[in-house]
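>>> mind folding the following:
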Amino acid sequence: MSLYTITGAQLAFGHVALLDHADFSLEPGERVGLIGRNGAGKSSLLKIVAELAKPDDGLITRQQHLSTVYVPQEPEFDADASVFDAVASGLEGVRALLDEYDVVAHRLADTPEGVEHDALLARMNALQSSLDAADAWNWRTRVSTTLAQIGLDGDARVGALSGGMQKRVALARALVVQPDVLLLDEPTNHLDFDGIRWLEDLLVSQRASLLFITHDRAFLDRVATRIVELDRGRLLSYPGNFTQYQERKAQQLEVERVENDKFDKLLAQEEVWIRKGVEARRTRSVGRIARLVQMRNERAERRNVLGNVRLDVAQGEKSGKIVAELTDVVKRYADRTIVDRFSTIVMRGDKIGFVGPNGAGKTTLLKLILGELAPDEGTVRVGTNQQVAYFDQMRAQLDLEKSLADTISPGSDWVEINGAKKHVMSYLGDFLFAPERARSPVKSLSGGERNRLLLARLFARPANVLVLDEPTNDLDIPTLELLEELLADYDGTVLLVSHDRAFLDNVVTSVIASEGNGLWREYVGGFSDWQTQSARSQEIAEARAPRDAAPVAAAPKDSAAGRNAQRTVKLSFKEQRELEALPAQIEALETEQKAIGAQIEEGSIFVRDAQEGARLTERYAQIDEELLVALERWEELESKRK
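Residues are numbered from 1 along each chain as shown. Below is the predicted model:
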């Protein structure tokens, strides 16, 4: 039996129907991913299920005593509250029952037998039954267990936590209730890769049914058991994850297109017929005219697929071949090292993704590369003729009181894209903003619409270096896919910070990853390539660790014997020759890797011979392993010789 069902739901704001006779149901144990365009009404539907809003019309059926908990996109807390109190606030109703039980128990003890005594006794019994059913007596244990499960310090102050940790507090506050249905609006916002993986594992293991909104395609693939798309007021259900949805959706849109084409062709034929003149007295003609009127009405009421954003970046003049060169760069804040001895060369046309946990220093490294921040040690050489366009994840560049038109083109009705003038209304239309909204203030826009406006502003300025700091937040999936295509075809340089794994895989050609303690390392390929190479390096290091530790464990306890053993250890003839050959071997490997890296970055090898391109990519990763082995062996022999 369904936990929740809504039939024939209708909801409209103004003339736009967000829900148009929509049907939806949620089964026990289901994990439903709700997707759709920005502004389609996804959050409104989530609030209806959470009983925070009501539809204009429709029949809602809920299981008796169904418990639902809603976690909003931007949870709110008392900044001075402890994490324990913030999580315990999810049990506010249960704690209120406990407080009432204490009050009734004290009054009962002081009230003599009689009518009032009997009423108090009945109320205390009812409260006890409710508290037993809600397992309220152990509420402190429940809060502590949930904090331990999610990895939170109950004594910490909420206001001192990062956005990602506050998101964990909001989830803990929801989970401590032990709800039947968990409702999440953009749960991955503010979470880094580790946080997203942790959330995926947590949700997959939960017994509660789940309805969530997200634009993270990798997250949908891992968590969702069913995809529900809100499309032109209708709710369309697709069993399976996001990849399976894409296949079925493409087939459905093709069927819809063929049917619409047939309908439009028949309508056009009937319009030609009616214009030739009709003998209206004939019964057949009267029926045909009535059918034509009905077809006209159906055509007028048809809601076509919403057009896609049209993205086109204004290309600036070409920058110098080298965008930035960093040599042994060090950057510290107080006692903490953010960047430690990092060297790299950023070439024109590179598309680099910066990955790492929140607070690792991705933005700091970006500013070092752009020359906006001076290093404490090392040198940064910035290239020539750079025109940088910056996308800020905090949307700090938007003035909330300005109109959309003034944000794009202040003081003018025209924007210039690649030498061609375009009216600001038409340009805003490319980003799905209707002409009547052009004079509306920015503050009237949703989060996704503000990101779309920021992209419109960004692409209206000539640039040869695009710096994108979390551009995917709040963007719907079709816009994400279009932005991927634009960046893939862009011949300038792209520096990208994102936690969207699919977006990174589809856009970047290399990844600069934080490896802790200020160490950064560059990997060829996208997010998946970085994960594979990083895991392989870690496996090699772990496999060698026991062998390296063995001589230490076997060292003699007697200090004199240890000194004698140390004096007698020396390299064999074979080891001496091996040590002498290692520097040349390492240099040869580095030279080979650099040559292969240049071919991979240039990209034409994949066009000429895809098989050879794949072989070179595999060889590049293999050289990484060989270099690691050679360096470790060199260090081992050097320490032995000394």
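>>> just give me how far the host helix or strand of H21 sits from the chain centre.
Using DSSP states H and E, H21 maps to strand 16-26. Strand 16-26 sits 26 Å away from the centroid of its parent chain (CA atoms, centre = their mean, to the nearest Å).
>>> sheet partners, orientation included, of the following helix or strand past that strand?
Downstream of strand 16-26, the first helix or strand assigned by DSSP H and E is strand 31-36. Partners of strand 31-36 in the sheet, by DSSP bridges, are strand 209-213 (parallel), strand 226-231 (parallel).
>>> what sits up against strand 31-36?
Contacts with strand 31-36, where a contact means CB atoms under 8 Å, 6 or more residues apart in numbering, come from 26, 42, 45-46, 203-204, 209-215, 220, 223-231, 241-242, 245, 476-477. All C-beta atoms are positioned from the backbone trio N, CA, C, and that covers glycine.
>>> now do it and strand 16-26, the angle between them.
170 degrees (axes from the mean of the first three to the mean of the last three CA atoms, to 10 degrees).
>>> output the below-cut-off pLDDT ranges for the stretch 501-642 of the chain.
544-571, 573, 601-603, 606-607, 610, 641-642 (pLDDT under 70).
>>> try 50
Regions of the stretch 501-642 of the chain meeting the criterion pLDDT under 50 cover residues 552-568.
>>> tell me where it has helices.
501-507, 527-553, 559-568, 573-602, 604-608, 610-641 (DSSP state H, counting those that start in this stretch).
>>> using JSON lines, lay out those together with mean neighbour count and distance to S67.
As requested, those are exported to JSON lines (neighbours: other CB atoms under 10 Å; distance: least, CB to CB, whole Å):
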{"stretch": "helix 501-507", "mean neighbour count": "23", "distance to S67": "33"}
{"stretch": "helix 527-553", "mean neighbour count": "13", "distance to S67": "37"}
{"stretch": "helix 559-568", "mean neighbour count": "10", "distance to S67": "66"}
{"stretch": "helix 573-602", "mean neighbour count": "13", "distance to S67": "53"}
{"stretch": "helix 604-608", "mean neighbour count": "12", "distance to S67": "53"}
{"stretch": "helix 610-641", "mean neighbour count": "15", "distance to S67": "49"}
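>>> so which of these is nearest L432?
Taking CB to CB, helix 501-507 is the member of the helices of the stretch 501-642 of the chain nearest to L432, at 19.7 Å.
>>> and that closest one, how far out from the chain middle?
11 Å.
>>> need the residues that contact that helix.
Helix 501-507 has contacts (CB under 8 Å, 6+ apart) with 193, 196, 216-218, 351, 353, 355, 472, 480, 484, 487-488, 494, 496, 498, 511, 526-528.
>>> report the buried members of these.
Burial by neighbour count, 16 or more other CB atoms under 10 Å: within these this picks out 193, 196, 216-218, 351, 353, 355, 472, 480, 484, 487, 494, 496, 498, 511, 526-527.
>>> any low-confidence regions in the stretch 201-350 of the chain?
Along the stretch 201-350 of the chain, segments meeting pLDDT under 50 span 306-307.
>>> wait, doesn't L152 sit right on A170?
No - assessed by CB atoms under 8 Å, L152 is found out of contact with A170, at 11.0 Å.
>>> which strand residues bridge I322?
Per DSSP bridges, the residues bridged to I322 are M347.
>>> so who does it touch?
Counted by CB under 8 Å, 6+ apart, I322 has contacts 345-348, 381, 383.
>>> quick one: which of those residues is most hemmed in?
Neighbour counts for the contacts of I322 (other CB atoms under 10 Å) peak at V346, which has 22 neighbours.
>>> quick one: that residue from V323, how far?
Distance, V346 to V323, using CB to CB, to the nearest Å: 4 Å.
>>> one step back: wait, which of the helices of the stretch 501-642 of the chain is closest to L147?
Nearest to L147 among those is helix 501-507 (28.1 Å), distances taken as CB to CB.
>>> and the strand or helix carrying E259, which residues are buried?
In the assignment (DSSP H and E), E259 maps to helix 242-275. Judged by neighbour count (16+ other CB under 10 Å), helix 242-275 contains these buried residues: 242, 245, 249, 270.
>>> ok, now stretch 359-379?
360-363, 365-366, 368-370, 375, 378.
>>> ditto for stretch 185-198
Within stretch 185-198, the residues scored as buried using 16+ other CB under 10 Å are 185-193, 195-196, 198.
>>> again with stretch 57-71
If you call a residue buried by 16+ other CB under 10 Å, then stretch 57-71 has these buried ones: 58, 62, 68-71.
>>> just give me the closest of the residues you listed to E515.
V71 (32.1 Å).
>>> many thanks, we can stop here.
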